[in-house]
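Undergrad: When you get a sec, could you give me coordinates for this:
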Amino acid sequence: MNQIERDYMDLIQAIFEDKKQYMDKSDREKAEMLDYYTLWVHQIKTPIAAMRLILQSEETQQYRELQGQLFKIEQYVEMVMAYLRIGSSSTDFLLKEYEMEVMVKQSVRKYAPMFIRKKISVKLGNLKYKVLTDEKWLCFAIEQILANAIKYTNEGYILIDSENETTLVIKDTGIGIAPEDLPRICEKGFTGYNGRIDKRASGIGLYLTKQILTKLGHRISFESEIGKGTTVRIEMDTSF
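TA: Okay, here's the model as predicted:
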């Protein structure tokens, strides 16, 4: 090996070491940020719980409205953690068999005040089967779909059923999604026509839902018709 070749190899080695140091630093910074927001989420839950107790002391329309807004804050806090963790190598998936009915009822109970407030009924079909998934993350995905269904349904019902015990179906009687928006509704930050009506829409919920379900090996699809509602399907495995 001549001097030019040795110099070239030294240069390649130096570039490799610089890149490794940069990647290590980037990984440390991401880990520190995740640790900080994890701590922040746990800390913010304390005043949220305190406010919920205070608001439960009065049963007035104003207090009920405040409870609804507080519930939304809780959901946004959960979305912060999901957003950070879904792009992290430390996503804490625990894959095993879970009862679909248990997970769905857990999610429905969580959103019960919102269903009551908007006078939307919930219909449950055949959910007595098991699926291979992660309970916490699948429930998060179901809850994001329910949140959207409640937000864009002014009257009627939300049906949660299954097809062949492999596909969870969530159907609402809401305002529907424009045909041109359907292919893009899981894109990060995309809000579409409905989002332009609801200026508070962030376009993050369905993006996170799609990312989570993909990591779990599940598939999500949408059917919708303006003025008649939306049907969401989550296809998944039922056993090991």
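Undergrad: Count the neighbours of the closest residue to residue 226 other than its chain neighbours for me.
TA: Using Cβ to Cβ, 6 or more residues apart in numbering and skipping the chain neighbours, the partner closest in space to residue 226 is residue 176 (4.2 Å). (Glycine included, C-beta is placed from N, CA and C.) Neighbourhood size, residue 176 [other Cβ atoms under 10 Å]: 21.
Undergrad: Look at residue 176 and give its secondary structure.
TA: Three-state call for residue 176 (DSSP: H, G, I helix; E, B strand; the rest coil): coil.
Undergrad: Contact partners for it?
TA: For residue 176, the contacting residues are 152, 224, 225, 226, 227, 228, 229, 230, by Cβ atoms under 8 Å, 6 or more residues apart in numbering.
Undergrad: Show residues contacting the helix or strand residue 115 falls within.
TA: Using DSSP states H and E, the element containing residue 115 is helix 112-118. Helix 112-118 has contacts (Cβ under 8 Å, 6+ apart) with 64, 67, 68, 71, 108, 121, 122, 147, 150, 153, 154, 158.
Undergrad: Just the buried residues of those.
TA: Buried members of those, counted by 16 or more other Cβ atoms under 10 Å: 67, 71, 108, 122, 147, 150, 153, 158.
Undergrad: Could I get the average pLDDT for the lengthiest helix in the chain?
TA: Ranked by residue count under DSSP state H, the longest helix found in the chain is helix 3-55. Averaging pLDDT along helix 3-55 yields 81.
Undergrad: Would you tell me what the next helix or strand after it is?
TA: Counting by DSSP H and E, the next helix or strand C-terminal to helix 3-55 is helix 61-86.
Undergrad: If you count neighbours, what's buried in that next one?
TA: Result for helix 61-86 [16+ other Cβ under 10 Å]: buried residues 66, 67, 71, 75, 77, 79, 81, 82, 84, 85, 86.
Undergrad: so the fourth one sits right up against residue 147, yeah?
TA: Yes: taking contacts as Cβ atoms under 8 Å, residue 75 lies within contact range of residue 147: 6.5 Å.
Undergrad: Mutual contacts of those two, please.
TA: With Cβ under 8 Å, 6+ apart, residue 75 and residue 147 have no common neighbours.
Undergrad: Around residue 139, how many other residues sit close by?
TA: Counted with other Cβ under 10 Å, residue 139 comes out at 18.
Undergrad: cool, residue 190 as well?
TA: For residue 190, using other Cβ under 10 Å, the count is 16.
Undergrad: same deal with residue 98?
TA: Neighbours around residue 98, by other Cβ under 10 Å: 18.
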